[in-house]
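A.B. asks: give the three-dimensional model of this entry:
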Amino acid sequence: MSEGGNSKKMCIIVTKGTLDWAYPPFILATTAASMDVEVSLFFTFYGLQLLKKDVSHLQISTLGNPGMEMPIGGMHMKMPNMISMLPGVDAAASTMMRNLIKKKGVASIEELREAAVDLEVKMIGCQMTMDLFEWNKDMMIDGIEIGGAATYMEMAQEADINLFI
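C.D. replies: A predicted model of the protein is given here:
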C-alpha cells in the first residue's frame with residue numbers, strides 16, 4: 001500500500017467452484033487491488049477448487065440457473081432447467097462458455113488468478129475444508145495461505161467491504 005494512498009480493505013468469501021462463479025471474486029479482487037485496496041480472498045468449500053493448480057476441470061452448472069443465456073447463431077438461447085438432466089449438457093455449456101470467453105478476449109481464470117498474485121491479493125484456503133475433502137497444500141497454487149474461520153474473522157473485522165460470493 002502506498003503512503004498517502006487508499007487505506008481501504010476488502011474481504012471476500014469465495015464459496016462457489018464453477019467456471020461462471022470463478023469470475024466475480026477474481027475480477028472484483030483484481031480491480032480493487034489495482035485501485036490500491038488491500039484485498040483478501042477466503043476460499044471455502046467448493047470455492048477452494050479455484051485455488052487448485054489445474055482449473056481446466058471447472059464447468060458451468062446449468063441446473064438452477066434460469067438467467068443463463070448463450071449467444072448462438074445471432075440469437076440468445078435460454079437454457080431450460082430440465083435440460084440439465086441430460087448427460088453432457090454441462091460439459092457442452094462449459095465448452096461454449098470457454099469459447100465465448102476466448103472469442104471476446106476475456107481473461108481466463110488462470111490469467112485473473114495470476115493477476116491477483118501479481119497485485120498481492122491475499123488468498124487463504126480454508127483449513128477445515130481442505131481437511132474435509134482430504135486435500136493438501138501441494139494441490140494448490142503457490143503463495144496461498146491456509147487458515148480457518150478465525151483467520152477470516154480477523155480480516156473481516158478490519159475490512160471496509162465484505163462480500164460473500
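A.B. asks: find the nearest non-adjacent residue to the residue nearest the centre of the chain, please.
C.D. replies: Nearest to the mean C-alpha position of the chain, by Cα atoms, centre = their mean, lies Ala22 at 2.9 Å. The shortest distance from Ala22 to any residue other than its chain neighbours is 4.8 Å, reached at Ile109 (Cβ to Cβ, 6 or more residues apart in numbering). In short, each C-beta sits where N, CA and C put it, glycine included.
A.B. asks: cool, Lys137 as well?
C.D. replies: Nearest residue to Lys137, sequence neighbours excluded (Cβ to Cβ, 6+ apart): Ile146, at 6.2 Å.
A.B. asks: give the contact list for that neighbour.
C.D. replies: Contact analysis of Ile146 by Cβ atoms under 8 Å, 6 or more residues apart in numbering lists 124-127, 130, 137.
A.B. asks: tell me how far whichever helix or strand it is part of lies from the chain's centre.
C.D. replies: If you go by DSSP states H and E, Ile146 is part of strand 145-147. From the chain centre to the centre of strand 145-147 is a distance of 17 Å (Cα atoms, centre = their mean, to the nearest Å).
A.B. asks: one more: stretch 71-91?
C.D. replies: Distance of stretch 71-91 from the chain centroid (Cα atoms, centre = their mean) equals 23 Å.
A.B. asks: and it, end to end?
C.D. replies: 17 Å (Cα to Cα, to the nearest Å).
A.B. asks: same check, this time on stretch 100-114
C.D. replies: Distance across stretch 100-114, first residue to last, is 21 Å (Cα to Cα).
A.B. asks: again, but for stretch 72-85
C.D. replies: So stretch 72-85: terminal residues 21 Å apart, Cα to Cα.
A.B. asks: likewise for stretch 56-74?
C.D. replies: 28 Å.
A.B. asks: what mean pLDDT does it get?
C.D. replies: Mean per-residue pLDDT for stretch 56-74: 77.
A.B. asks: centre of the chain to that stretch, how far?
C.D. replies: Distance of stretch 56-74 from its chain centroid, counting by Cα atoms, centre = their mean, is 16 Å.
A.B. asks: got the contact list for that stretch?
C.D. replies: With contact meaning Cβ under 8 Å, 6+ apart, stretch 56-74 is reached by 17-20, 22, 49-50, 76-79, 81, 83-84, 89-91, 93-94, 96-97, 100, 109.
A.B. asks: just the buried residues of that stretch, please?
C.D. replies: Within stretch 56-74, the residues that count as buried by 16 or more other Cβ atoms under 10 Å are 58-62, 65, 68.
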